[in-house]
Every structure is written in C-alpha cells, then in structure tokens.
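Engineer: no sequence for this one, just the structure:
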C-alpha cells in the first residue's frame, strides 16, 4: 500500500502551460480542501465583470454591494463562496488568518461588522475534483504548485497573478512561460 498523497490545501495550482484551450488556461487556483473525498478550489484570477449587488438577492452592506465577484471555477457557477482574512482568525481553515465561507448570512454579518484589517473576496462557482482526480493530474504534471499567501490572495493584482507567481518561482522555464503571449502565433 502506498502512502496517502500529501494534501495540497493552502497551495496554489498554476497552469504550467499544459492547459491551453481549457477553462484553466493561465489560471491560479487556491486549493481550499484536498482529502480522500476529493478537492475544492477557487480560481483567483478570473473576473466575472459583475459586482455582488448585481448577483446576490440580499440586502448587502454597502461595503459588499460594489465588491467584484470572481469566477471561482466551472462547477456550480451560481454557488457563492468567499475568502476572508483579518488580523487574527484563530480557527482559519485554509491558511493562518484565511478562512472560506459559503453562507450569505455570515457574509452579510462580516460586511456589517467593522474591522480595519478585514479583506473579503467573493466567488461564483468553484473548481472541483473527484477523489483521486487531482492526485492523478499532479502525477501527469498538469499543474505547477506554489505556496499561497495572504499577499498573493488579496494584494497581488489578479490580472498579473499568474505571471507574478511564475516569475517568483525562479525557474527559467517558468519565466519564459510567463512571458509567452496567450496566442503563440503572435510570438
């Protein structure tokens, strides 16, 4: 019997150039859950072009109403997820001080409470993998990995996130990949 694969929770998955033409081309996915039951992640760099007030039928606090909503993945595109951070979240499940939620009521409560250090990102849909599917994709080298950080999740401009991480990896192949045009015929 082989050892259980290492959980990728708290890691970022990056298209390593193998996913062109798919939904995941040039994406960065934060793995929020990875265990024997499968994996769940949120795409961090795909804008929906919509704001929360346009998509959610709820009395949202003003701070949330104009928040952009990101396409979290191709699965259940009407499902709400959100990431939030604050200076001290002792029970955070993804990274220190990084928590994920799905409850609209809890989201509204977060928006109504004051915190000068809180940050929230909203997502419609998610990326999901059946048991063993992500492990197989990792063995096939479909993804590159990189440790997630609050800076990468909340501070790095999403439109530059994929390129920024590839450059940080320090590998010349990653640097070349980060500089390639989406359409190689334009090279």
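Structural biologist: Happy to help now that I have it. On a predicted model such as this, the values are computed, not experimentally measured, just so you know.
Engineer: can you map out the strands along this structure?
Structural biologist: Ranges of strands in the chain, per DSSP state E, are 11-15, 28-35, 38-43, 47-51, 68-71, 75-85, 98-101, 119-129, 143-147.
Engineer: So which bits of the second one are buried?
Structural biologist: When you say that, I think you mean strand 28-35. Going by neighbour count (16 or more other C-beta atoms under 10 Å), the buried part of strand 28-35 is 28-34. All C-beta spots, glycine's among them, are computed from the backbone N, C-alpha and C.
Engineer: before we move on, the earlier item: turn the strands of the chain into a markdown table, including distance to residue 158.
Structural biologist: Listed next are the strands of the chain as a markdown table, based on distance: least, C-beta to C-beta, whole Å:
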| stretch | distance to residue 158 |
| --- | --- |
| strand 11-15 | 12 |
| strand 28-35 | 8 |
| strand 38-43 | 10 |
| strand 47-51 | 7 |
| strand 68-71 | 7 |
| strand 75-85 | 12 |
| strand 98-101 | 16 |
| strand 119-129 | 9 |
| strand 143-147 | 15 |
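Engineer: will you turn the ones you listed into CSV that also has mean pLDDT and distance to residue 174?
Structural biologist: Shown next, in CSV, are the strands of the chain (pLDDT from 0 to 100; distance: least, C-beta to C-beta, whole Å):
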stretch, mean pLDDT, distance to residue 174
strand 11-15, 95, 9
strand 28-35, 96, 13
strand 38-43, 97, 19
strand 47-51, 94, 24
strand 68-71, 96, 24
strand 75-85, 94, 25
strand 98-101, 94, 24
strand 119-129, 96, 21
strand 143-147, 95, 7
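Engineer: gap between residue 21 and residue 182?
Structural biologist: Separation of residue 21 from residue 182 (C-beta to C-beta, to the nearest Å): 10 Å.
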